[in-house]
Each structure stands twice: as structure tokens, then as C-alpha cells.
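> The amino acid sequence is not available; the structure is as follows:
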């Protein structure tokens, strides 16, 4: 057996320890054959977890004397608990152990029938789940509150979610606090602001006072982007217009009935409104923030703890599917795979216009926007910080919030980088970057300063 270095004191080389705690190996243990036959796999798993812990400790305390003083003062257990509250150690350990047998192969995964769910849905007919040893049952769900409640209740093992939802659920906003992890963004862009056909003369948003808009959920990029857009154009989204939460599949019918004047939602419902002749696309959300996050793949933290190897396999399947769907050459076949009644249940023409980016806008133009929707799995933690600033801006978060800590806990950028590297995809070197939304730069290192810069705000 080779030698390894103690995770907490690399100056002391040791042999692989016996499970009894002695410095001899299992093979050298003088006692019973039962102890002698203790699983080597279990020991390797333990050492993999210790290695991950060691890397985190060393990163936090690069100086040997400070690291030893810290561990001596608080003890290993307390130290690991403290670090786990700041960093996604459970997920890191799970991925270090990913070659272990799956604890659970039959999984229930929720999704809404929108094109943002493409990688999660396509992973079924295209075989990405099966390739990773998983038997996945996809569950079409009507609305986001139902998704949230079924995840909290344990009816869904994992789910397609709006990217702000895992943050809100972790913080206990709108429901009981449920720690979540979000290892992969599903799509960027892929949404639009659509107005009723009768409002063709109201292209200037400053004329929208008194209008009613559908949004899919409070904790959605749609809500935050529409609020941002309105406020930048001088309208208070809580006073000058009405925002009504409704399930995405209900929006076209509500627009047709004139219960609302417009909506902001994921595809294919903007394109479906054009297809049905009841609406026109006022603006793609990429015109507000190009390459903004929209939906994500999310898992309760408790699932990761109970099923670390299954989590790793599921993660691999989702990232592989996301990368596959990002390639334009694959999208005609992807549209065919997901258009049926068990998946998105939409006309193929509608899905092709969305996924290929060549579409009628309802204003007599055919637009060619290849980046109308894209699929990029990397979960930038700076995007999470921006979402948190908007939750605070509009009064969803009342108290002080540790932006960076929550972003690191929920948005698992390090794990996504590893999965992308395995697929030969170059991931970003950093976990955060600056973003530009309607010409205004967002620096994730200064969230409070950014928050105070807005004229219209509840914060």
C-alpha cells in the first residue's frame, strides 16, 4: 500500500490507517478476520472525503502555523462544520466519490413544459440518463409553486427550476427553508416580453402605466428582468402596473381573453402567441441582459447527502445533455425529440423557431437571432449575487444577506467546471464576473453599492 500525507498536517507522512484507528494497515491488524476484511472501498471513500476537506482547509489557511492553530483550537469536527456552512463540501465530497455504485437508480424529476427545460427533457429520449445508469421518470408540472412544494415534500428527487428558486428556497422565502444546490444552469436567454396584438401602437414602455402583465413566479428572472426594465424606463412595477403570477401554459389563453395586456415568460409561449395570432414579441430578454441565466437544474442538499454517487451520475447526465443541446447542429433533432405530448407538447414549427432562432415576431418581420436561446451549464456565482440584490431591492429579502456566501453555497461553479472539463469543454477560470444589464455594469464584489444606485427600489 502506498503512502499518503495526513490531510491536516502534511509534514507527517503516514501509512493508510486501519479502521481501528491504529497507524498500521488493515492487513497488519492482529485481531479478527471480520476486522481484517473491512472494505477497502470504504477506506478509500473516507480518504477521498478527507482529501477534499484538506484542500478546503489549506485554501482557507495557506500558512501552516495558522492552519494548525485553527484546527487545534476548534477541533476537526467543528472546523468542518464551519467550513461546510460556507462551501458546498457535501457536493465536493460526493463528486470525489462518484465512481462508487449508485445508491438510487429510479428517480423522479419535475419539469415545466418550456424550452428552458430542454436539456433535462432531452436527456431522456437522447439516452443521457440511461448512459449514467439512471432510470428517470420525468413529471410534467403545471406551475412553479407546485415544483417547489413537491421538491420540499420529497416527491421530486430533483427538478428543473427557475434559477432564483434554489436561492429563495435555501433562504426560506415563500416556503419553509430547504437548503438547495444548483450545479448547472440550464439555459441562457430564451424569454421575451410579449404584448397583446391590440397594443402594437404601445412600443414605448413609458406608455404602459395601468397595464397588467403575467409573470411565472415571484422568484424568477422574468419578474426581476421585467421590474428592472420598467424601473429603468421610469415606471414603478409595484405602483404603475399590475404583475400577476400565473403558470406559463396559461399565459396565451389569458392574453387571448385580455385578462392581461402582456407577459414575460419562457418560450415557447411567446412564439405560441405569435403563432396563434394573439400577440407580438415586443422584446427578447437578451436585449435587456444578453446571456442572462433563466432556468436551472436543482437538487435538495439532503438528496446529495443521502445519495452522493447518484447525484454525481445525475450531474454528469445533465451537463452532457446541456452541452449537446448547445450545439446548433443538434437542435433540429432535439426539437423532434422533445415536441411530443410527454414532453413540451408543442407544434414542431414553434419549437424550431425558438431553438434555431429564425422566427416571425408578430409585427410582420422574420428575425434571425441564433442566440435567442442557448444552453450553458456554468453557474456563475455573480449571477446569483445579482438575483439576491434584486430580491432585496424589491422587498423579498428584508434582512441583511451574505451575498457571496449564499451564492457559493447554492451555485456549484467548481463542480460544473470539473464536469465540463471531463467533456472537453473549457469552462471559465473564475466563479464570478461583471455583467451589464441595460448598459449598467454590475460588480458582484459591491452588491450593496449597486443596490443603492437605483432610484426606484423598496430596499
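In hand now; what should we look at? Note that the structure is predicted; figures quoted are calculated from it, not measured.

> mind listing the helices for the stretch 251-400 of the chain?
Using DSSP state H, counting those that start in this stretch, the helices of the stretch 251-400 of the chain run over 251-256, 269-275, 301-306, 308-326, 331-338, 348-356, 381-393.

> which outside residues touch the fifth one?
By Cβ atoms under 8 Å, 6 or more residues apart in numbering, the residues outside helix 331-338 that reach it are 118, 121-122, 125-126, 324-325, 343-344, 348, 351-352, 355-356. Using the backbone N, CA and C atoms, a C-beta is placed for each residue, glycine as well.

> Can you list the buried residues in that helix?
For helix 331-338, burial by neighbour count (16 or more other Cβ atoms under 10 Å) applies to 331, 334-335, 337-338.

> now stretch 204-224
205, 208, 211-224.

> between these, which is closest to residue 295?
Distance to residue 295 across these (Cβ to Cβ) is lowest for residue 221, with 8.3 Å.

> The closest one touches residue 162, doesn't it?
Yes - the pair residue 221 / residue 162 is scored as a contact, 6.6 Å apart, by Cβ atoms under 8 Å.

> list residues touching both of these two?
residue 294.

> So what touches stretch 151-158?
Here stretch 151-158 has contacts from 104, 107-110, 139, 147, 150, 159, 161, 169, 175-176, 178, 180, 297-300, 303, 307, 314, using Cβ under 8 Å, 6+ apart.

> okay, how far is it across stretch 195-213, tip to tip?
End-to-end span of stretch 195-213 (Cα to Cα, to the nearest Å): 9 Å.

> next one: stretch 176-189
End-to-end for stretch 176-189, by Cα to Cα: 30 Å.

> Can you give me the buried ones in it?
Across stretch 176-189, burial judged by 16+ other Cβ under 10 Å covers 178-189.

> could those residues go into TSV alongside secondary structure and pLDDT?
Formatted as TSV, the buried residues of stretch 176-189 follow (DSSP: H, G, I helix; E, B strand; the rest coil; pLDDT from 0 to 100):
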residue	secondary structure	pLDDT
178	coil	97
179	coil	97
180	strand	98
181	strand	97
182	strand	96
183	strand	92
184	strand	93
185	strand	94
186	coil	94
187	coil	96
188	strand	97
189	strand	98
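
> how about these in JSON lines, adding distance to residue 276?
Formatted as JSON lines, the buried residues of stretch 176-189 follow (distance: Cβ to Cβ, whole Å):
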{"residue": "178", "distance to residue 276": "37"}
{"residue": "179", "distance to residue 276": "41"}
{"residue": "180", "distance to residue 276": "36"}
{"residue": "181", "distance to residue 276": "38"}
{"residue": "182", "distance to residue 276": "34"}
{"residue": "183", "distance to residue 276": "36"}
{"residue": "184", "distance to residue 276": "33"}
{"residue": "185", "distance to residue 276": "30"}
{"residue": "186", "distance to residue 276": "26"}
{"residue": "187", "distance to residue 276": "23"}
{"residue": "188", "distance to residue 276": "26"}
{"residue": "189", "distance to residue 276": "22"}
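
> Tell me how far the residue nearest to the spatial centre of the chain lies from residue 113.
By Cα atoms, centre = their mean, the chain has its centre lying nearest to residue 296, at 3.4 Å. Going from residue 296 to residue 113 by Cβ to Cβ, to the nearest Å gives 17 Å.

> One more: residue 178?
Residue 178 is 24 Å from residue 113, by Cβ to Cβ.
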